[in-house]
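Undergrad: I would like the atomic coordinates for the input below:
(one chain, ligands or ions: 2)
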Amino acid sequence: MINPITYNTCSIHFVNQDFTVLDAYIHKQNYSKVFVLVDNNTHIHCLPLLTERLSISVDVIRIESGEETKNITTSLQVWEALSNLGADKKSLLINLGGGVVTDLGGFVASTFRRGIDYINIPTTLLAMVDAAIGGKTGVDLGNLKNQIGLVRNPKMVLIDTFFLKTLSEDEKKSGMAEMLKHGLIDSKKHWLQLTKGNMLSNANSLPLIYDSIQIKKQIVTQDPSEDGIRKALNFGHTLGHAIETYALSKKEIKPLLHGEAVAIGIIMESYISSKLTSFSVKDCDEVKRVILSQFKQVIFPESSYKDIIELTAFDKKNTFGNVNFVLLEDIGKPKLDCRVDKSLIIEAFKFYNS
Ligand SMILES: NC(=O)c1ccc[n+]([C@@H]2O[C@H](COP(=O)([O-])OP(=O)(O)OC[C@H]3O[C@@H](n4cnc5c(N)ncnc54)[C@H](O)[C@@H]3O)[C@@H](O)[C@H]2O)c1
Ligand SMILES: [Zn+2]
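TA: Ligands and ions are numbered 1, 2, ... in the order given. Alright, predicted model coming up:
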C-alpha cells in the first residue's frame with residue numbers, strides 16, 4: 001500500500017483495481033449526480049472496471065478519441081450533455097482517460113456552472129505522470145495547442161497501472177518522454193534511475209511512475225501559476241509543440257504523438273543548451289543516445305525548419321513577442337526564459353537529424 005501524495009487540495013491515490021477510496025469520497029461529499037467522461041477507447045477498456053467497483057450509479061458521457069477532439073466544439077457537447085442529464089453545481093465529473101480526456105474534462109468541469117468538482121483517473125502513462133497532475137486544464141484552438149484553458153485542480157487523482165495493460169507500446173513511449181523530461185529537470189539521480197541498464201523497458205512500473213509524479217508535484221506546489229520554476233516542465237516543449245503541430249498539419253512527416261514530438265524537442269533543446277549554457281556536450285550526446293534508443297528517428301526536410309520555427313511563436317510561455325526557451329545548465333539545473341537565435345535552432349535540427 002503506497003501512501004497518497006497530497007498537494008494543494010488534491011490527493012493522489014495509488015490503487016490496484018480497488019476504488020474504495022473514491023467510493024467513500026463520493027458518499028462523503030454527497031454529490032447530487034456523478035458523471036464519467038470517457039473517450040471511445042477508455043469506454044471499452046477502462047469504464048467496465050470502474051463501474052463494477054463503484055457502489056453508486058453514474059452517467060457516462062463519451063467523446064471521440066484523439067487530439068483533434070480536444071477543442072471547444074467537443075467542450076460544448078459535454079457542457080450540453082451535462083446540462084441535459086441534469087447536472088447541477090453539486091455534481092461531480094470523473095475524467096477517465098488520457099490527457100485529452102483529463103485536459104478537456106477538467107476544463108469543462110471548471111467552467112460548467114462556474115466550476116464543479118472533478119476527479120482524474122488517468123489511463124495512459126503520459127496522463128498518469130503528467131497531464132492529470134497539476135491542475136492545468138484546457139483545449140486547443142485550431143491547430144494551436146492548449147490556447148484556451150485555466151488552472152484548477154482536481155479533488156483527487158487515482159493512479160491504477162492496471163489500465164496500462166491495454167495501452168499500445170507507442171502510447172507508453174509517449175509517456176516515457178515526459179518521465180525522461182522530469183528526470184532531466186530534477187536530478188542526475190533521477191535521470192540515472194530511469195536510464196541506467198534496462199530500466200526504460202519497464203517505464204510503466206509503479207516505482208518509476210511514483211517518482212515522476214513526485215517531481216511534478218514538487219514543482220507545481222512551489223509554483224501553481226507558472227510564474228517561475230513550473231516553466232521548467234516545458235523543457236523540450238517549445239520545439240516539441242511546434243513539431244507536433246507541424247506534423248499534424250503537414251504531410252511531409254507522419255503525425256507524431258505528443259511525447260514523440262517532445263522527445264525530439266528534448267534532444268534539440270539539450271543541443272541548444274550545450275551551445276548556450278554550461279550543459280556538457282557529453283550529457284547532450286547521452287540524452288540523444290538514450291532517446292534514440294527508444295524513439296524512431298524522424299527525418300525533417302530542410303524545407304520544414306522555417307515553418308516549425310515560426311510555430312514556436314505560438315508557444316504559451318512567450319511574452320512580449322519573444323520566444324522563451326527552457327534550457328539546462330546541467331542535469332537537474334533548468335534555466336528559464338532563454339532567448340535562442342533561429343540559426344541555432346537550425347543547427348539543432350541538423351544535430352537531431354545527424
Ligand atoms: N494538463 C497538463 O499539464 C498536460 C501535460 C502533458 C500533456 N497534456 C496533454 O495531454 C494530451 C496527451 O495525452 P495522452 O498522451 O494521454 O493522449 P490521449 O488522451 O489522446 O490518449 C492516447 C490514446 O490512448 C487511448 N487510451 C487511453 N487510455 C487507454 C487505455 N488504458 N487502453 C487503451 N487505449 C487507451 C486514447 O483513447 C487515445 O487514443 C495532449 O493533449 C497534451 O497537451 C496535458
Ligand atoms: Zn508534454
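
Undergrad: for stretch 236-256, buried residues please.
TA: Residues of stretch 236-256 classed as buried: 236-248, 255-256 (neighbour count, 16 or more other C-beta atoms under 10 Å). Any C-beta I mention is one placed from the backbone N, CA and C, and that applies to glycine too.

Undergrad: for it, C-alpha coordinates in CSV please.
TA: This file holds the C-alpha atoms of stretch 236-256, laid out as CSV (Å, rounded to 0.1, in the frame of the first residue of the first chain):
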residue,chain,number,x,y,z
GLY,A,236,11.6,20.1,-24.7
HIS,A,237,8.2,21.6,-25.3
THR,A,238,8.9,24.8,-27.2
LEU,A,239,10.2,22.9,-30.1
GLY,A,240,8.2,19.8,-29.2
HIS,A,241,4.9,21.6,-29.5
ALA,A,242,5.9,23.3,-32.8
ILE,A,243,7.0,19.9,-34.2
GLU,A,244,3.8,18.3,-33.0
THR,A,245,1.6,21.0,-34.7
TYR,A,246,3.7,20.8,-37.8
ALA,A,247,3.4,17.0,-38.0
LEU,A,248,-0.3,17.2,-37.6
SER,A,249,-0.9,19.7,-40.3
LYS,A,250,1.7,18.8,-43.0
LYS,A,251,2.1,15.5,-44.8
GLU,A,252,5.9,15.6,-45.2
ILE,A,253,6.2,13.8,-41.9
LYS,A,254,3.8,11.4,-40.2
PRO,A,255,1.7,12.7,-37.3
LEU,A,256,3.5,12.4,-34.0
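
Undergrad: circling back to that earlier point, so which of the buried residues of stretch 236-256 sit within helices?
TA: 237, 238, 239, 240, 241, 242, 243, 244, 245, 246, 247, 248 (DSSP state H).

Undergrad: strands of the stretch 1-150 of the chain, start to end?
TA: Listed in chain order, the strands found in the stretch 1-150 of the chain under DSSP state E, counting those that start in this stretch are 5-7, 10-14, 34-39, 59-63, 92-97, 117-122, 136-141, 144-151.

Undergrad: oh, I was asking about the stretch 201-350 of the chain
TA: Using DSSP E, counting those that start in this stretch, strands in the stretch 201-350 of the chain cover 325-330, 333-338.

Undergrad: now the ones you listed in a markdown table, with mean neighbour count, mean pLDDT and distance to ligand 1?
TA: Shown next, in a markdown table, are the strands of the stretch 201-350 of the chain (neighbours: other C-beta atoms under 10 Å; pLDDT from 0 to 100; distance: least, C-beta to the nearest ligand atom, whole Å):
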| stretch | mean neighbour count | mean pLDDT | distance to ligand 1 |
| --- | --- | --- | --- |
| strand 325-330 | 22 | 97 | 14 |
| strand 333-338 | 18 | 97 | 17 |
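
Undergrad: which among the ones you listed is found nearest to residue 161?
TA: Nearest of the strands of the stretch 201-350 of the chain to residue 161, taken as C-beta to C-beta: strand 333-338 at 28.1 Å.
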